[in-house]
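Participant: pasting the sequence and the predicted coordinates here, then a few questions.
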Amino acid sequence: MSTLITNIAELMTQDLERRVLKDAAVVIEGERISWIGVAASAPAADRVVDAGGRAMLPGWVDSHSHLLFAGDRTAEFEARMAGEAYAAGGIAVTMNATRATSDFDLTRLAMGRVAEAVSQGTTYLETKTGYGLDIEHEARSARIASTVADQVTYLGAHLVPAGQDPDEYTDLVCGPMLAAVRPYVQWADVFCEEGAFTAEQSRRVLTACRDAGMGLRVHGNQLGEGPGVQLAVELGAASVDHVNYLAVQDVKALAASWSGWDPATGTGERGTVATCLPACDLSTRQPLAPARDLLDAGVQVALASNCNPGTSYTSSMAFCVTTAVLQMRLSVHEAVRAATYGGALALHKERGRDADGERAVGSIAVGHRADLHLLNAPSATHLAYRPGMPLTYAVWRAGVRER
Ligand SMILES: N=CN[C@@H](CCC(=O)O)C(=O)O
Ligand SMILES: [Zn+2]
């Protein structure tokens with residue numbers, strides 16, 4: 001069964017040539033995109049959808065979220081808005097609520113959050129463990145996460161639970177806890193920050209997980225300058241996330257990590273993506289990450305929601321794009337790219353079509369996964385021009401109409 005979506009006023013492909021087509025059409029067959037081009041030369045299809053002169057983008061790729069949690073941290077948020085600083089310790093509040101919740105309820109909560117994200121145009125998402133923080137509850141979170149998200153990250157190294165020795169807890173994260181989560185996860189992450197894990201502990205966790213065959217990510221440089229970025233680059237992490245406080249050397253190291261990659265062909269060795277989390281920056285009153293400087297230095301940038309109950313209780317990628325344009329000085333095209341292709345790059349899902357056995361997400365091209373986001377607007381510029389408006393009109397995820 002093929003579907004022709006025609007009368008698309010603007011098709012922002014985010015493909016390697018960064019094409020933006022006017023008066024365009026797309027054909028979907030099963031889960032894949034089988035044709036894109038000018039509407040006047042579109043082939044016939046079994047079914048036709050009239051996009052009504054609206055703009056189409058790839059579905060959002062949310063490469064950083066924490067959806068496996070219970071409870072709520074409104075009081076902490078209120079205190080922050082009254083002037084308190086964010087500190088990692090709040091994670092324990094969510095850990096207690098999450099541990100006390102049944103499998104059924106935790107699954108239901110996570111599924112609801114995924115549905116909320118998809119209804120706003122997110123078609124591919126990563127989520128993390130990190131609110132279990134013992135073997136049983138980290139393994140449970142990983143297992144449930146693997147049933148609701150496209151990719152799962154192990155974040156046993158989120159916080160040292162109260163009363164535990166940091167080095168002994170790190171041993172647990174590198175040993176039996178890792179073994180328990182391993183069947184369910186592709187990635188490992190560590191919160192490398194004052195009040196969470198030191199550089200040395202972070203290195204131990206990342207090395208153990210790399211040896212277990214997992215890809216790496218780092219929460220780094222969120223609350224101050226620190227070792228997170230350098231560690232991420234040194235260990236070849238796919239992304240370092242937050243990046244609010246960067247020294248000149250950090251930006252240089254990130255840029256250098258991309259020297260073996262060709263942006264025109266998308267081939268070569270990927271470097272470390274700098275993932276900016278603007279909703280979190282606003283909610284924690286941190287300076288917005290320097291996405292403009294990173295792009296200008298040649299770093300590949302992603303935008304993600306960081307949806308979690310402590311620092312960023314939103315899955316709205318549109319909000320992140322709007323903020324990136326209005327306050328971080330990205331163009332609309334750059335911001336949408338970071339929230340689609342950039343996220344795919346951070347998850348190593350930007351390559352692959354038909355014969356490859358992997359189907360790329362985050363861009364609209366023949367053979368890629370049919371993840372499409374139709375806006376109720378004639379151009380993507382409206383995402384910034386009409387901030388806060390509900391602009392998602394239709395969503396296809398792997399070829400299935402979700403909204
Ligand atoms: N920074 C570390 N982890 C989360 C926040 C976790 C929490 O406070 O619950 C983040 O990405 O912001
Ligand atoms: Zn996070």
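Facilitator: Looks like it came in fine. Numbers count the residues shown, from 1 in each chain. Ligands and ions are numbered 1, 2, ... in the order given.
Participant: so who does the residue of the stretch 251-400 of the chain found nearest ligand 1 touch?
Facilitator: Using C-beta to the nearest ligand atom, the closest approach of the stretch 251-400 of the chain to ligand 1 is made by Gly310 at 2.4 Å. Any C-beta I mention is one placed from the backbone N, CA and C, and that applies to glycine too. Contacts were defined as C-beta atoms under 8 Å, 6 or more residues apart in numbering; by that measure Gly310 touches 73, 76, 86, 90-91, 93-94.
Participant: closest to Val118 out of the residues you listed?
Facilitator: Thr94 (23.1 Å; C-beta to C-beta).
Participant: interface residues of this structure facing ligand 1?
Facilitator: With C-beta under 6 Å from any ligand atom as the criterion, the chain meets ligand 1 at residues 90-91, 94, 191, 219, 222, 280, 306, 308-311.
Participant: so of those residues, which ones are in strands?
Facilitator: 191, 219 (DSSP state E).
Participant: where is pLDDT lowest across the residues of the chain next to ligand 1?
Facilitator: In terms of pLDDT, Gly90 ranks lowest among these, with 92.
Participant: you'd agree that one is up against Arg73?
Facilitator: Yes - Gly90 lies in contact with Arg73 (C-beta atoms under 8 Å); the separation is 6.0 Å.
Participant: make a PyMOL selection of the buried ones in the contacts of Gly310.
Facilitator: Of the contacts of Gly310, the buried ones can be selected in PyMOL as follows, counting by 16 or more other C-beta atoms under 10 Å:
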select buried, resi 73+76+86+90+91+93+94
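Participant: what sits against the nearest residue to Ala97 once chain neighbours are set aside?
Facilitator: Nearest non-adjacent residue to Ala97, counting by C-beta to C-beta, 6 or more residues apart in numbering: Gly71, 2.7 Å away. For Gly71, the contacting residues are 93-94, 96-98, 309, by C-beta under 8 Å, 6+ apart.
Participant: could I get the residues of the chain next to ligand 1 as a markdown table with distance to His368?
Facilitator: Output for the residues of the chain next to ligand 1, formatted as a markdown table (distance: C-beta to C-beta, whole Å):
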| residue | distance to His368 |
| --- | --- |
| Gly90 | 39 |
| Ile91 | 36 |
| Thr94 | 36 |
| Phe191 | 33 |
| His219 | 29 |
| Gln222 | 32 |
| Cys280 | 29 |
| Asn306 | 25 |
| Asn308 | 29 |
| Pro309 | 33 |
| Gly310 | 34 |
| Thr311 | 32 |
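Participant: tell me which of the residues of the chain next to ligand 1 is nearest to Val336?
Facilitator: Checking these against Val336 by C-beta to C-beta gives Asn306 as the nearest, at 18.1 Å.
Participant: neighbours of the closest one, how many?
Facilitator: Look at Asn306: counted by other C-beta atoms under 10 Å, it has 30 neighbours.
Participant: who are the contact partners of it?
Facilitator: 64-66, 241, 277, 279-280, 312.
Participant: thinking again about what came up before, show me the contacts of Gly310 that map onto helices.
Facilitator: Members of the contacts of Gly310 lying in helices (criterion: DSSP state H): 76, 91, 93-94.
Participant: out of those, which is nearest to Ala289?
Facilitator: Checking those against Ala289 with C-beta to C-beta, the nearest one is Ile91 at 20.6 Å.
Participant: re the thing from before, which among the contacts of Gly310 gets closest to Tyr154?
Facilitator: For those, the nearest to Tyr154 is Ile91 (15.2 Å; C-beta to C-beta).
Participant: just give the nearest non-adjacent residue to the closest one, would you?
Facilitator: Computed as C-beta to C-beta, 6+ apart, the closest residue to Ile91 that is not its neighbour in sequence is Leu159, at 4.2 Å.
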